[in-house]
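Undergrad: Sequence and predicted structure below; questions after.
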Amino acid sequence: MGLVDNEDMEEPAGFCYQDAAIFLQEGQNNDRFDTHPSRRTIRWYLIAHSTFFYVMDLMAALLLLALGLTEKPASGEVPKDDRMFLPVPVHGALEILSLLIVAIGLTVKLKWQGAKLFFNHKRTLLKVIILAVVFVEAVVVLVRSENHVRVTRALRPLFLIDTHYCYGVRRVLRQILLSLPPILDMLFLLLFIMVIFAMLGFYLFSDNEKDEYFSSFSRSFISLFVLLTTANYPDVMMPSYRRSRWTVIYFVVYISVVLYFLMNLLLAVVYDTFTNIEKNKFRKLFLHKRQAVRQAYKLLCSENPPHWISLHSFIGLMSFYKPKSTLVEEYLVFKSLDTSQRRQLSLDEFYQVFENSEMKWKQVTEHYNQWFSCLKSCNCLYRAVKGIRWLITQKAFEYFIYAVIIANGISFIVDIVVFSNTPQNERANKRQELRWYHIVFISMYAAEAALKIIGLGLRKYFLSGWNLFDFFVTLAGFIGAVSTSFSFIVCLRPLRLVLLFKLKQRYRDVLETMGVLLPRMTRVALVILLLYYSFGIIGIECFSGLQLKDCCQNTSWEEEYKEDGYYYLNNFNDLLHSYVTLFELTVVNNWFIIMEGIVFMTSDWARIFFMSFYIVTMVVMTIIVAFILEAFLFRIEYRKEHPTDEKVDMKIRKDISVTYEELLALGEHFVKDLQPGQIVQYIGKRSKTKMDLSIKMYADEVKQWIQNERIIDMGETLGQFEFMEDIPRMPPTNTSSSLNGRVPEELAPRSRRVTEELKIGEINAAVHEDESL
């Protein structure tokens with residue numbers, strides 16, 4: 001969202017354009033309409049939505065998280081090899097500085113939204129409470145110049161989650177929270193069955209003095225909880241199995257019911273809930289966008305029937321909504337929306353503004369897809385490049401490359417077999433003997449990449465993900481071949497075999513689903529890292545400084561904690577060690593040994609920490625599996641519903657013709673190289689989003705949602721709308737002459753609008769203006 005000059009703010013039309021653009025931004029970002037700014041609060045809204053403000057908020061949140069690496073634990077125990085800790089006054093001052101920046105951001109938000117809306121927003125209210133508590137603790141630490149137990153530091157990730165750039169993380173967390181009710185039901189059932197089996201196990205096996213796993217009811221429950229992860233199997237069974245082989249029935253039944261039935265049933269329930277949430281989220285976002293379009297339409301349409309949007313108003317809107325776009329691009333978006341070709345936009349046409357405004361437009365020339373058309377003056381060179389382009393587009397060329405990759409794969413197998421049977425002291429010589437054919441294959445791959453770059457051009461070549469992957473592997477192989485210092489890169493060469501998976505449709509589905517999931521998996525990974533941070537801080541406050549080496553005397557895991565057992569390295573002495581320990585707990589292999597070591601040094605209450613962490617990570621990992629299932633099955637179902645060539649289907653393309661006279665009306669500099677009467681072709685392209693695919697996937701439901709939606713007939717009820725007091729209606733526009741005259745000069749220049757940066761003078765002006773009210 002951009003800022004405008006003070007003079008523009010005083011212009012009613014300029015404010016209408018800006019207000020309509022804000023409505024569209026709120027629709028696109030799924031923001032609430034009840035926080036929509038008025039003329040009085042618009043400046044605070046612009047400050048809160050400026051890039052400067054976003055970056056400052058993000059840097060403050062990241063600094064707060066980074067302080068966890070520099071703060072000494074309350075126990076005072078500091079590892080000898082750790083030099084990252086800062087003096088208390090230093091990290092205390094940095095923490096207060098970061099919290100003050102967060103507080104300034106909340107103050108700006110309060111000025112924009114008002115006290116009622118500000119404190120009614122649950123996430124904002126939670127942030128205020130956490131900020132107040134953490135700030136008081138930071139002041140106490142700074143005054144005392146000494147750290148004390150501060151479990152509230154585990155809440156710092158909430159400041160990062162609430163930043164603008166982590167909106168995807170917030171959506172993942174929201175989906176996790178919405179999926180919790182059925183998960184909690186299943187967990188309750190799971191724990192109930194575990195309690196029943198724990199009681200039964202206690203009565204069956206407690207009389208065995210050598211069976212420490214069922215010596216008491218609490219110990220029986222802990223053993224069965226660990227058995228849920230199979231980390232202690234078959235150890236937990238062997239003492240009772242030694243006495244009676246029939247006891248195996250107890251463990252087989254327990255594992256079959258709890259692990260193979262209930263855990264898979266949990267996944268099924270989570271997937272069903274997650275799919276419904278995804279569909280409901282799509283419905284709400286779809287209808288929310290349509291509502292945003294209607295709100296913007298009310299501000300832009302003419303007062304006179306038939307209440308359509310003129311080109312003049314649309315370009316005024318785009319100067320705020322897409323401030324970086326050129327005037328020609330804005331006009332092309334207008335023409336792509338104007339399907340009725342009446343040079344006015346109806347509400348039904350304007351509904352497509354989100355999709356069409358994302359188009360990337362390019363003028364179609366005689367050699368639109370041939371970058372080498374500029375080489376026509378050199379006929380030999382032009383024909384050579386054209387021949388290379390023809391060569392790389394042939395199926396025979398593609399099959400030849402696949403044959404080379406298969407031959408290279410066979411050579412990898414022969415290579416590893418020969419190396420396995422070669423003595424260690426002779427492998428260096430053997431590597432030199434076999435080096436020649438590696439160079440041959442790398443040369444062929446380099447030739448392929450060079451031919452494709454020449455034939456397609458740099459831009460088109462690197463637009464393909466497969467080409468990027470191919471180029472990276474080829475470059476790595478070349479570096480490994482010519483430099484002995486980087487010979488370890490040779491391990492990357494087998495990655496080229498991944499290209500063979502393109503040959504089979506099922507493999508392409510898997511790999512392309514991985515590409516679709518990558519952004520979402522990045523957000524999930526951030527959620528897991530922040531989860532580790534919170535549990536890591538709690539672990540530091542509770543378990544730092546424990547002397548785990550040579551602990552656990554006379555226990556089953558005594559050997560693991562001896563000096564050569566290395567399990568004493570899994571500790572919570574600082575944040576980095578905590579991350580490693582928590583990752584090992586996530587993997588669950590022998591995780592109970594880590595738990596038992598810390599329990600031995602503290603008390604049985606420590607088990608709550610470890611069991612809680614396992615349950616939370618189990619829920620998150622189950623939802624991750626649901627993410628993957630939903631994305632993959634959605635893609636398979638979409639292919640069944642729309643069995644078209646996916647390379648074409650995954651792109652949206654629009655062809656627009658513009659006459660010389662239309663471009664002249666936009667500005668003389670747009671027709672410098674054109675002749676009167678000439679027609680210019682433009683192509684707009686964009687990739688399909690999940691929203692586009694969902695609209696086609698749920699076409700019948702979408703029609704029903706639109707029918708049930710309260711659609712306002714602008715032609716009949718415009719006079720009944722209640723406009724905001726400080727927002728005037730658009731004046732009547734001469735619809736028949738939208739293109740006969742030139743677009744007003746105040747809409748054309750892009751330099752007049754400051755769109756991405758916030759000037760300090762404007763911030764001060766906003767402060768003075770608010771103080772005078």
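TA: Looks like it arrived, so ask away. The model shown is predicted, which means the values in this text are computed figures rather than measured ones.
Undergrad: Which helix or strand contains residue 318?
TA: helix 311-321 (DSSP states H and E).
Undergrad: no no, residue 349
TA: helix 347-350.
Undergrad: Let's see that helix as PDB, backbone CA atoms only.
TA: In PDB, the C-alpha atoms belonging to helix 347-350 read as follows (Å, rounded to 0.1, in the frame of the first residue of the first chain):
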ATOM      1  CA  LEU A 347     -19.800  -5.700 -11.200                       C
ATOM      2  CA  ASP A 348     -19.600  -9.200 -12.800                       C
ATOM      3  CA  GLU A 349     -16.600  -8.200 -14.800                       C
ATOM      4  CA  PHE A 350     -14.900  -6.400 -11.900                       C
END
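Undergrad: what's the next secondary structure element after that helix?
TA: helix 353-356.
Undergrad: list the helices and strands that following helix packs on?
TA: Helix 353-356 is packed against helix 12-28, helix 263-300, helix 327-337, with contacts defined by 3 or more CB pairs under 8 Å, 6 or more residues apart in numbering; DSSP states H and E. Using the backbone N, CA and C atoms, a C-beta is placed for each residue, glycine as well.
Undergrad: A strand includes residue 684, no?
TA: Yes: under the criterion used here (DSSP: H, G, I helix; E, B strand; the rest coil), residue 684 sits inside a strand.
Undergrad: so what's residue 148 closest to, chain neighbours aside?
TA: Leaving aside its chain neighbours, residue 148 sits nearest to residue 74 (5.6 Å; criterion: CB to CB, 6 or more residues apart in numbering).
Undergrad: Checking that neighbour next. Helix, strand or coil?
TA: At residue 74 the chain is in coil, as set by three-state DSSP.
Undergrad: Need the pLDDT of it.
TA: Residue 74 carries a pLDDT score of 76 in this model.
Undergrad: Now do the contacts for it.
TA: Residue 74 sits next to 147-150, 541, 544 when contact means CB atoms under 8 Å, 6 or more residues apart in numbering.
Undergrad: give me that answer again for 6 Å
TA: 147-149 (CB atoms under 6 Å, 6 or more residues apart in numbering).
Undergrad: between those, which is closest to residue 381?
TA: When those are compared for distance to residue 381 (CB to CB), residue 147 wins out at 70.8 Å.
Undergrad: Around the closest one, how many other residues sit close by?
TA: 18 (other CB atoms under 10 Å).
Undergrad: Looks to me like it is in a strand.
TA: No: going by three-state DSSP, the assignment for residue 147 is coil, not a strand.
Undergrad: any idea how far it lies from residue 98?
TA: Distance of residue 147 to residue 98, given as CB to CB, to the nearest Å: 17 Å.
Undergrad: next one: residue 34
TA: Counting by CB to CB, the gap from residue 34 to residue 98 is 30 Å.
Undergrad: Who has more neighbours out of those two?
TA: residue 98 (23 against 10).
Undergrad: Next, the contact list for that one, please.
TA: Contacts of residue 98 by CB under 6 Å, 6+ apart are 60, 63-64.
Undergrad: From those, list the buried ones, please.
TA: Among the contacts of residue 98, those classed as buried by neighbour count (16 or more other CB atoms under 10 Å) are 60, 63-64.
Undergrad: export those to JSON lines and tack on secondary structure?
TA: Putting those into JSON lines (three-state DSSP) gives the following:
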{"residue": "60", "secondary structure": "helix"}
{"residue": "63", "secondary structure": "helix"}
{"residue": "64", "secondary structure": "helix"}
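Undergrad: Looking at those, which is nearest residue 349?
TA: When the buried ones among the contacts of residue 98 are compared against residue 349 (criterion: CB to CB), the nearest one is residue 60, at 43.4 Å.
Undergrad: can you tell me how far the closest residue to that closest one other than its chain neighbours sits from residue 95?
TA: Nearest non-adjacent residue to residue 60, counting by CB to CB, 6+ apart: residue 101, 3.9 Å away. Distance of residue 101 to residue 95, computed by CB to CB: 11 Å.
Undergrad: before we move on, what about residue 239?
TA: Counting by CB to CB - residue 239 and residue 95 are separated by 52 Å.
Undergrad: out of these two, which sits in the more crowded spot?
TA: Using other CB under 10 Å as the criterion, residue 239 and residue 95 rank with residue 95 on top: 24 against 17.
Undergrad: hang on, that one in a helix?
TA: Yes: per three-state DSSP, residue 95 lies within a helix segment.
Undergrad: Assess the claim that it and residue 138 are in contact.
TA: Yes: judged on CB atoms under 6 Å, residue 95 makes contact with residue 138 at a distance of 4.6 Å.
Undergrad: As a check, name the ranges of all strands in the stretch 551-700 of the chain.
TA: Under the criterion DSSP state E, counting those that start in this stretch, the stretch 551-700 of the chain contains strands at 651-659, 679-687.
Undergrad: An error on my part: the question was meant for the stretch 301-450 of the chain.
TA: Taking DSSP E, counting those that start in this stretch, the strands of the stretch 301-450 of the chain run over residues 360-363.
Undergrad: residue ranges with poor pLDDT in it?
TA: Low-confidence segments of the stretch 301-450 of the chain (pLDDT under 70): 365-376, 427-428, 430-435.
Undergrad: Let me see the ranges of the helices in it.
TA: With DSSP state H, counting those that start in this stretch, the ranges of helices along the stretch 301-450 of the chain come out as 311-321, 327-337, 347-350, 353-356, 379-392, 395-420, 427-433, 435-456.
Undergrad: Would you tell me which one of those helices is buried the most?
TA: Each of the helices of the stretch 301-450 of the chain was scored by mean neighbour count; the highest is helix 311-321, a mean of 24, by mean count of other CB atoms under 10 Å.
Undergrad: for that helix, packing partners?
TA: Applying 3 or more CB pairs under 6 Å, 6 or more residues apart in numbering; DSSP states H and E, one finds that helix 311-321 contacts helix 12-28, helix 327-337.
Undergrad: Flag every buried residue along the first one.
TA: Along helix 12-28, the positions that meet the burial threshold by neighbour count (16+ other CB under 10 Å) are 13-28.
Undergrad: could you check the angle helix 263-300 makes with that helix?
TA: Our comparison of helix 12-28 with helix 263-300, counting by axes from the mean of the first three to the mean of the last three CA atoms, to 10 degrees, yields an angle of 170 degrees.
Undergrad: what is the orientation angle of helix 12-28 with helix 311-321?
TA: 60 degrees.
Undergrad: how distant is helix 12-28 from the center of its chain?
TA: Distance of helix 12-28 from the chain centroid (CA atoms, centre = their mean, to the nearest Å) equals 27 Å.
Undergrad: How far does the helix or strand following that helix sit from its chain's centre?
TA: Proceeding N to C from helix 12-28, the next assigned helix or strand is helix 42-48, under DSSP H and E. Offset of helix 42-48 from its chain centre (CA atoms, centre = their mean): 26 Å.
Undergrad: cool, stretch 154-165 as well?
TA: Worked out by CA atoms, centre = their mean, stretch 154-165 lies 15 Å from the chain centre.
Undergrad: From one end of that stretch to the other, what's the distance?
TA: 21 Å (CA to CA, to the nearest Å).
Undergrad: Per-residue confidence at the residue nearest to residue 313 when sequence neighbours are not counted, what does it come out as?
TA: Closest residue in space to residue 313, ignoring its immediate chain neighbours: residue 300 at 4.6 Å, by CB to CB, 6+ apart. We have a pLDDT of 90 for residue 300.
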